[in-house]
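Asker: no sequence on this one, just coordinates:
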């Protein structure tokens with residue numbers, strides 16, 4: 001600082017604030033702004049990460065439910081292709097019977113019951129069960 005004397009007084013020239021203080025303030029402001037920016041960015045990324053994790057958990061539950069339904073449908077397909085199912089359906093819906101079975105037909109209306117004895121044909125090893133059932137019914 002420069003001092004000028006005049007008439008018994010000392011006049012001091014006012015100097016601007018020290019440049020190192022301005023740089024320090026500017027550095028502090030920049031540090032605060034960047035900390036705020038990174039804090040907001042981190043919070044946003046954390047929120048997005050939690051949403052992705054929740055979505056992944058929901059999708060895993062949906063996959064597990066779909067796998068359970070798939071295994072149930074596969075077991076149903078296996079049952080529908082089995083002989084026991086075919087025979088049950090042939091008996092109940094088509095009225096077929098195996099040789100040696102006794103069929104009872106109940107007719108709705110006047111009380112009347114018709115009993116049909118299915119004859120046992122000679123064994124034919126080359127014919128399948130379904131063909132032999134058809135022959136037994138229509139003979």
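Answerer: Here it is on my side, so go on. Bear in mind the structure is a predicted one, so any value in this text is a computation, not a measurement.

Asker: next one: phi and psi at the most centrally placed residue in the chain?
Answerer: The residue lying closest to the centre of the chain (Cα atoms, centre = their mean) is residue 62, at 1.7 Å. Here is the backbone geometry of residue 62 (degrees, to the nearest 10): phi -60, psi -40.

Asker: how about residue 97?
Answerer: phi -140, psi 160.

Asker: just residue 117 next, same as before
Answerer: Main-chain torsions, residue 117, degrees, to the nearest 10: phi -100, psi 120.

Asker: give the closest residue to it in space, chain neighbours not counted.
Answerer: residue 102 (5.9 Å; Cβ to Cβ, 6 or more residues apart in numbering). C-betas here are computed from N, CA, C, even on glycine.

Asker: next, count neighbours for the one you found.
Answerer: Number of residues near residue 102 (other Cβ atoms under 10 Å) recorded here: 9.

Asker: now residue 20: how far from residue 26?
Answerer: 11 Å (Cβ to Cβ, to the nearest Å).

Asker: need phi/psi at residue 45.
Answerer: Dihedral angles (degrees, to the nearest 10) for residue 45: phi -60, psi -40.

Asker: please, where are all the helices along this structure?
Answerer: Ranges of helices in the chain, per DSSP state H, are 19-80, 83-93, 129-138.

Asker: and those helices: which comes nearest residue 114?
Answerer: Closest approach to residue 114 among the helices of the chain (Cβ to Cβ): helix 129-138, 14.1 Å.
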